[in-house]
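**Q** Sharing a sequence plus its predicted fold:
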Amino acid sequence: MPRPAGPNDKSSFPENPSSALEGLMAEYGSAVLRTAYFYLADRHLAEDVSQEVFIRAYRNWSTFRGESSVKTWLSRITINLCKDRLGRKAAQEQPTDPVLLTKAERYSAEEEAMARWNRTEILRHVVKLPSHYHEVIYLFYYLDLSTREIAEATGSPEGTVRGRLHRAREMLSGYLEKEGLAR
């Protein structure tokens with residue numbers, strides 16, 4: 001199946017790794033940082049991993065065949081580096097809300113406080129899920145990756161990703177209903 005042209009397609013970036021790097025960082029820098037922060041729960045470690053992601057992207061740009069989207073490729077590099085950094089203990093880490101790292105739109109103080117509380121409450125329940133469930137929820141809802149892209153990024157079969165996403169939604173819904181947060 002051909003990929004649509006756009007910022008997620010390798011062909012939309014220059015062939016030269018130095019030139020491509022600037023575009024990659026501009027397009028995906030905040031997503032890479034948020035993903036690293038989600039796994040590591042430490043801003044400084046996340047920044048270190050983000051830098052390493054782009055160093056590896058620069059070094060491997062000419063060998064990246066573009067069989068997956070650029071976003072998926074960078075996500076996989078990020079996830080692997082984070083898991084390596086944690087010594088495969090990423091499952092036990094309790095991430096802080098990655099949404100708080102992004103610039104919020106301008107709301108009244110009360111609206112912003114309620115929005116943060118809701119996101120934090122939901123994330124508090126997301127991290128209660130087993131790691132393979134909260135990982136797919138994060139990648140699907142926070143990074144907007146498709147189930148195919150999540151499968152590529154995590155090295156899992158797409159059917160497994162769909163099953164985990166379905167089960168994670170069910171479990172999350174149960175948690176939220178118990179607390180009266182679901183409608």
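**A** Yep, it's here.
**Q** So what are the structural domains in this protein, by residue number?
**A** Per automatic domain parsing, the domain ranges recorded for the chain read 1-93, 103-183.
**Q** quick one: least confident helix or strand in this structure?
**A** Ranked by mean pLDDT, DSSP states H and E, the weakest helix or strand in the chain is helix 109-126, scoring a mean of 60.
**Q** next structured bit after that helix?
**A** With elements assigned by DSSP states H and E, the helix or strand that comes after helix 109-126 is helix 131-137.
**Q** elements contacting that following helix?
**A** For helix 131-137, the elements it packs on are helix 147-154, helix 158-178, judged by 3 or more CB pairs under 8 Å, 6 or more residues apart in numbering; DSSP states H and E. For the C-beta atoms, the positions are set from N, CA and C on the backbone; glycine is no exception.
**Q** Out of those helices, indicate the one that is most buried.
**A** Mean neighbour count (mean count of other CB atoms under 10 Å) peaks for helix 147-154 among these, with a mean of 21.
**Q** tell me the average confidence for stretch 143-160?
**A** Here stretch 143-160 scores 90 as its mean pLDDT.
**Q** Can you give me the first-to-last residue distance of that stretch?
**A** Start-to-end span of stretch 143-160 (CA to CA, to the nearest Å) is 19 Å.
**Q** which residues are contacting it?
**A** Outside stretch 143-160, the residues that touch it by CB atoms under 8 Å, 6 or more residues apart in numbering are 31, 34-35, 68-69, 71-72, 75-76, 79, 135-136, 139-140, 161-162, 164-165.
**Q** Need the three-state assignment for P14.
**A** When classified by DSSP: H, G, I helix; E, B strand; the rest coil, P14 comes out as coil.
**Q** ok now do it, which residues does it touch?
**A** P14 makes contacts with A20, G23, as judged by CB under 8 Å, 6+ apart.
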